[in-house]
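Undergrad: sequence and predicted model, in that order:
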Amino acid sequence: MTGPISAFRQEARRWLEANVPSEPSPEDGPASREYVLNWQKTQARGGWAGIAWPKELGGRGLSVLEQIVWFEEYARAGAPSPLNASFVMLNHAGPTLIACGTPEQKAYHLPKILSGDVLWCQGFSEPGAGSDLGSLKCRGRVEGDELVIDGTKIWSSFADVAEWQELLIRTDPTASTSKALTWVICPMDAPGITVRPIRTMAGPHKYCEVFYDGVRVPLANVVGGLNNGWATAMSTLSFERGTAALALLIGYTLKVEQLLAACPQNRPELRLRLARLRAEGASIRAATYRFALDCEDSVPDASGSLMRLSFAEFTQRVAAAAIDLYGIAAPEVVGMHGWGHDYLDVFSETIAGGTAEIQRNIIAERVLGLPKGPR
């Protein structure tokens, strides 16, 4: 097969084969930060940073079809996981700034993101407000040309090594949810911020709790308008729930093929289970491709939750099948980069970005048009 897409695939494959790091990423801390930023710098030098971003904003401006080809080759080459410390800045902060940011915000932040000079983290969830963002209590009051922020956020991935945070706060305590919140760019070195890393059951200190005590942020850092943070946050989450983890999904479909190849013929029930996972992965992959192509010229809509939920539950089933295939003490399972770590880590997939229950509510109400459940 020849043509522009085939030539593009060969270009991407050659570059990845020559540049993908030979060592796996450290799981947390400064070493993880250095690894992720070095990989981002490598991609920037090679012209592969921000492949979906507009050319006028420093990206490559690739079509959705070219992005899909890139993700396929990225997964095939075993490139660093897209769910590393760069995920928020590339798939949350950057796209949200492109969609909702001011010219000044775009000019300052987008080049630093693409060039691998900074990291971003997310400040949405709170101890009492995870998937239900309408219940968050971290507050910001306007004083002159600043917001003064007090409260707590939790499950903020890599907040201990990030320079910036996409922060969602309550700025109007009397308004309804849609008019009460504000999305703000928060510098993580601002006085009054304390970060406490949290160790997960998989081992790494991947998440953090963040405390804000009179933290002052310029009103110029508000994205999408004061008290309009709900709409801005929905833009942020729509990117995550759609195609942000496409390379990881493709990687998991390739892993299913590897598991099938390793599964002996005398385990027919497990082979059938893996064959069903192969079919499930292919269907999710096809649906995600279709979703990406349909949203090429617009912000992803609520149907992205279909892909997010399906992907999350698929990864958990694949990891469980791998444990059953190899056994808990097998070399393929033990260690930080074994299936045991993956099995424990993917439990978070049906929690992060909105729990499985929240995703089902979104699908029911916003995609299928069913009546809203009790609040």
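TA: Received, thanks.
Undergrad: A strand includes P331, no?
TA: No. Read with DSSP: H, G, I helix; E, B strand; the rest coil, P331 is coil and lies in no strand.
Undergrad: all strands of the stretch 51-200 of the chain, in order?
TA: Taking DSSP state E, counting those that start in this stretch as the test, the strands found in the stretch 51-200 of the chain are 120-123, 139-143, 146-153, 164-170, 181-187, 193-198.
Undergrad: which positions within the last one qualify as buried?
TA: By neighbour count with 16 or more other C-beta atoms under 10 Å, strand 193-198 contains the buried residues 193, 195, 197. Backbone N, C-alpha and C define where each C-beta goes, glycine included.
Undergrad: pLDDT and distance to A330 added to the residues you listed, as a markdown table?
TA: Shown next, in a markdown table, are the buried residues of strand 193-198 (pLDDT from 0 to 100; distance: C-beta to C-beta, whole Å):
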| residue | pLDDT | distance to A330 |
| --- | --- | --- |
| I193 | 98 | 43 |
| V195 | 97 | 37 |
| P197 | 94 | 30 |
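Undergrad: looking at the strands of the stretch 51-200 of the chain, which is buried most?
TA: Counting by mean count of other C-beta atoms under 10 Å, strand 120-123 has the highest mean neighbour count of the strands of the stretch 51-200 of the chain, with a mean of 27.
Undergrad: for it, enumerate the helices and strands it packs against.
TA: Here strand 120-123 touches helix 87-88, strand 164-170, going by 3 or more C-beta pairs under 8 Å, 6 or more residues apart in numbering; DSSP states H and E.
Undergrad: and the contacts of stretch 256-276?
TA: 277-278, 281, 318, 321-322, 324-326 (C-beta atoms under 8 Å, 6 or more residues apart in numbering).
Undergrad: by mean pLDDT, show me the worst of the helices and strands packed on strand 120-123.
TA: Ranked on mean pLDDT, the bottom entry among those is helix 87-88, at a mean of 87.
Undergrad: show me the contact partners of that one.
TA: Contacts to helix 87-88, defined as C-beta under 8 Å, 6+ apart, come from residues 119-122, 157-158, 162, 166, 244.
Undergrad: of all the strands of the stretch 51-200 of the chain, which lies closest to G373?
TA: Shortest distance between G373 and the strands of the stretch 51-200 of the chain, using C-beta to C-beta, is found for strand 181-187: 21.7 Å.
Undergrad: next, the angle from that closest one to strand 146-153.
TA: Strand 181-187 and strand 146-153 are oriented at 90 degrees to each other (axes from the mean of the first three to the mean of the last three C-alpha atoms, to 10 degrees).
Undergrad: so what secondary structure elements neighbour strand 181-187?
TA: Taking 3+ C-beta pairs under 8 Å, 6+ apart as the contact cut, strand 181-187 packs with strand 146-153, strand 164-170, strand 207-218, strand 222-223, helix 229-241.
Undergrad: pipe the helices and strands packed on strand 120-123 into TSV and attach distance to V334 per row.
TA: Compiled in TSV, these are given as follows (distance: least, C-beta to C-beta, whole Å):
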stretch	distance to V334
helix 87-88	26
strand 164-170	35
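Undergrad: how far is stretch 329-346 from where the chain is centred?
TA: Counting by C-alpha atoms, centre = their mean, to the nearest Å, stretch 329-346 is centred 21 Å from the centre of its parent chain.
Undergrad: CA-only coordinates of that stretch in PDB, if you can.
TA: Below are the C-alpha coordinates for stretch 329-346, written out as PDB (Å, rounded to 0.1, in the frame of the first residue of the first chain):
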ATOM      1  CA  ALA A 329       5.100 -15.000  41.300                       C
ATOM      2  CA  ALA A 330       6.100 -15.200  37.600                       C
ATOM      3  CA  PRO A 331       8.900 -12.900  36.300                       C
ATOM      4  CA  GLU A 332       6.400 -11.300  33.900                       C
ATOM      5  CA  VAL A 333       4.300 -10.300  36.900                       C
ATOM      6  CA  VAL A 334       6.700  -9.100  39.700                       C
ATOM      7  CA  GLY A 335       8.500  -5.800  39.700                       C
ATOM      8  CA  MET A 336       7.600  -2.200  39.000                       C
ATOM      9  CA  HIS A 337       7.100  -2.800  35.300                       C
ATOM     10  CA  GLY A 338       5.400  -6.200  35.600                       C
ATOM     11  CA  TRP A 339       1.800  -7.200  35.300                       C
ATOM     12  CA  GLY A 340       1.400  -7.200  39.000                       C
ATOM     13  CA  HIS A 341       2.100  -3.400  39.100                       C
ATOM     14  CA  ASP A 342      -0.300  -2.900  36.200                       C
ATOM     15  CA  TYR A 343      -3.000  -5.000  37.800                       C
ATOM     16  CA  LEU A 344      -2.900  -2.800  40.900                       C
ATOM     17  CA  ASP A 345      -2.500   0.500  39.000                       C
ATOM     18  CA  VAL A 346      -5.400   0.100  36.600                       C
END
